[in-house]
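# Based on what follows, work out the 3D shape:
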Amino acid sequence: VLNADPKQNTPITVKVGHTLDKKDDDTRTITRTVEITTPDGKTSTQKQDATFTRETNYDEVLGHDVYGDWDAATKQLDAINVPDIKGYAKSSDVPAINVTPDTSSFTLKVTYKAIGQTVTINYKDADGNVVGNQTVTGQTGQTEDINYQLPDKWTGDISKAPKNITFNGDSQPDIDITIS
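Sure, this is the predicted structure:
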C-alpha cells in the first residue's frame with residue numbers, strides 16, 4: 001500500500017535475473033597431422049590433438065548462447081621424432097608447439113632430399129705423387145658411370161678400375177690410379 005506521503009513508503013526492490021539453461025559444453029579440437037615420406041616413398045602419418053572445452057548456457061533473456069572461458073589458454077602438442085636417414089636431408093623437424101582455441105588444424109609434410117656426394121680419382125705416378133685428379137659427383141641413391149680422363153701425355157691401365165660408383169650415403173673413398 002502506498003502512503004499519501006511518499007516519505008513513508010517502503011522501498012520495494014525487484015530483482016530480475018537471467019535464466020540460464022545449461023547446454024552441452026562447447027569443445028574445439030585442434031589437430032596437427034604430420035606426414036613423413038621417406039626416400040623409398042613410404043609415408044607414415046601421425047596425428048596429435050589438443051581439445052579445449054568451455055561451458056555453454058542459453059540465456060533466455062538475451063536469446064542466445066553465453067560461453068564461459070576455455071579450460072586453458074594454450075595446450076602443447078609434443079615434438080615428433082623425424083629420423084635422420086644417412087645420405088638424405090630432411091625438410092624439417094617437428095618441434096613441440098603451443099596451440100590456442102583459435103589455432104586452425106593443419107598438416108605438416110616432411111620429406112627427404114638426396115645429398116650431393118663426390119669421389120675424387122687421383123692419378124698417381126710410380127712414386128705415388130698425384131699428377132692429376134678428377135671428381136665424380138652424384139647424389140645418394142644414384143649410380144654414376146666413370147669416364148676416366150687421364151692427364152695429358154700419361155697412360156695407364158684402367159681395366160681393373162671400378163666402372164661406376166654407387167652413392168649410398170656413406171663417405172666414398174678416393175680412387176687411386178697409377179699411371180706412367
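# CA only for contacts and neighbour counts going forward, please
Will do.
# Bridge partners for residue 134, pull those for me.
Beta bridges link residue 134 to residue 121, judged by DSSP bridges.
# One more: residue 28?
Bridge pairing for residue 28 - DSSP bridges - gives residue 52.
# Burial check on it, number of neighbours?
16 (other C-alpha atoms under 10 Å).
# May I ask you to confirm that it is in contact with residue 51?
Yes - here residue 28 reaches residue 51: they are 5.7 Å apart, a contact under C-alpha atoms under 8 Å.
# wait, what's in contact with the residue nearest in space to the middle of the chain?
The centroid of the chain falls nearest to residue 94 when counting by C-alpha atoms, centre = their mean (4.0 Å). Residue 94 is in contact with 79, 80, 81, 82, counting by C-alpha atoms under 8 Å, 6 or more residues apart in numbering.
# Now do the residue of the chain most remote from its centre against residue 12, distance only.
Largest separation from the mean C-alpha position in the chain: residue 4, at 81.4 Å (C-alpha atoms, centre = their mean). Going from residue 4 to residue 12 by C-alpha to C-alpha, to the nearest Å gives 16 Å.
# check contacts around residue 55.
23, 24, 25, 26, 67, 68, 69, 70.
# so the first one touches residue 59, yeah?
No - the criterion here is C-alpha under 8 Å, and residue 23 misses it with residue 59 at 10.4 Å.
# what's the weakest-modelled helix or strand in this structure?
One helix or strand of the chain scores below all others by mean pLDDT, DSSP states H and E: strand 20-22, with a mean of 88.
# Going through the contacts of residue 94, which ones are buried?
Buried members of those, scored by 16 or more other C-alpha atoms under 10 Å, are residue 82.
# TSV for the contacts of residue 94, including secondary structure, pLDDT and distance to residue 157?
Shown next, in TSV, are these (DSSP: H, G, I helix; E, B strand; the rest coil; pLDDT from 0 to 100; distance: C-alpha to C-alpha, whole Å):
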residue	secondary structure	pLDDT	distance to residue 157
79	coil	98	55
80	strand	98	53
81	coil	96	50
82	coil	97	47
